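A.B. asks: what follows is a predicted protein model with its sequence.
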Amino acid sequence: GAFVDPSNGNVCVAVNGGGGPGAIARAVCTRSEKVSDPCNSEGPHLPKFINLHSRGPAPSVSCPPGYEQVLCNARSPWLGYLTNKGVNTKGVISNDRSCGVSACSERNWCEVTAVCKIPDDYEQYKAAVCPISFEMVGDRSSTADDAQSRAICPTGYKVSYCEVQTGLVHTRSGGAFVDPSNGNVCVAVNGGGGPGAIARAVCTRSEKVSD
């Protein structure tokens, strides 16, 4: 069979079998680069490609959310263990199938390797990985009058709802507001004699839209 070296994604390996005429490895090489996180363009970059592998009696791998499988290889040192398991004569399992084989054994193991890629269509990644909205809760403020609690949405998200989670707005809280200079921040204000305020925000994905 064939596999991508688990310790070096630059290497494609083809393995000759008993009585075989000699194997030749053939690889398609694609430029590898870091890409901006579709969920957070200002955050750390992500690898465009990742490599997975599994070995054992029923090895199987699957790409993490947001990534798509672009290659699955299978191999076994024992002839016959890849027969009738969706592995073609070149050691490849097609991408419309799960990357795995079964009915091997601990002694007569099989191995699968996969290459996963962030799709060129970032909207596909966003739909699979990036939450549209979620909650953020700030720390409780001190009990001082006008003390503030802040719930801060991460880069790429804006506050779409802001409240004083601890209530008491009519008696011992100064209310809540979205920071006029930073739409990522929900502020809750403690009032005189209050127990400390807690800000709660709903953060919603922010993006440019066509006019």
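C.D. replies: Noted; the coordinates are in hand.
A.B. asks: drop to CA atoms for contacts and neighbour counts, all remaining ones
C.D. replies: Noted.
A.B. asks: from the chain's centroid, how far away is stretch 128-142?
C.D. replies: The chain centroid and the centroid of stretch 128-142 are separated by 18 Å under C-alpha atoms, centre = their mean, to the nearest Å.
A.B. asks: whoops, I mixed them up, stretch 203-211
C.D. replies: 21 Å.
A.B. asks: and for stretch 90-110?
C.D. replies: With C-alpha atoms, centre = their mean as the basis, stretch 90-110 stands 24 Å off its chain's centre.
A.B. asks: only the buried residues of that stretch, if you could.
C.D. replies: The neighbour-count check on stretch 90-110 (16 or more other C-alpha atoms under 10 Å) flags 91, 92, 93, 94, 99, 100, 101, 104, 109, 110 as buried.
A.B. asks: quick check: mean pLDDT across that stretch?
C.D. replies: Confidence for stretch 90-110, expressed as mean pLDDT, is 96.
A.B. asks: alpha carbons of that stretch, as PDB, please.
C.D. replies: C-alpha atoms of stretch 90-110 as PDB (Å, rounded to 0.1, in the frame of the first residue of the first chain):
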ATOM      1  CA  LYS A  90      -2.800   2.200  -5.700                       C
ATOM      2  CA  GLY A  91      -3.400   2.200  -2.000                       C
ATOM      3  CA  VAL A  92      -6.000   5.100  -2.000                       C
ATOM      4  CA  ILE A  93      -9.400   5.200  -0.400                       C
ATOM      5  CA  SER A  94     -11.600   7.700  -2.300                       C
ATOM      6  CA  ASN A  95     -12.600  10.900  -0.500                       C
ATOM      7  CA  ASP A  96     -16.300  10.100  -0.600                       C
ATOM      8  CA  ARG A  97     -15.700   7.200   1.900                       C
ATOM      9  CA  SER A  98     -14.600   7.300   5.500                       C
ATOM     10  CA  CYS A  99     -10.800   7.000   5.900                       C
ATOM     11  CA  GLY A 100     -10.600   3.600   7.600                       C
ATOM     12  CA  VAL A 101     -10.300  -0.200   7.300                       C
ATOM     13  CA  SER A 102     -11.500  -3.000   9.500                       C
ATOM     14  CA  ALA A 103     -10.900  -6.700  10.100                       C
ATOM     15  CA  CYS A 104      -7.200  -6.500  10.600                       C
ATOM     16  CA  SER A 105      -5.600  -7.600  13.900                       C
ATOM     17  CA  GLU A 106      -3.200  -6.500  16.600                       C
ATOM     18  CA  ARG A 107      -0.500  -8.700  15.100                       C
ATOM     19  CA  ASN A 108      -1.500  -8.200  11.400                       C
ATOM     20  CA  TRP A 109      -2.200  -4.500  11.700                       C
ATOM     21  CA  CYS A 110      -3.300  -2.100   9.000                       C
END
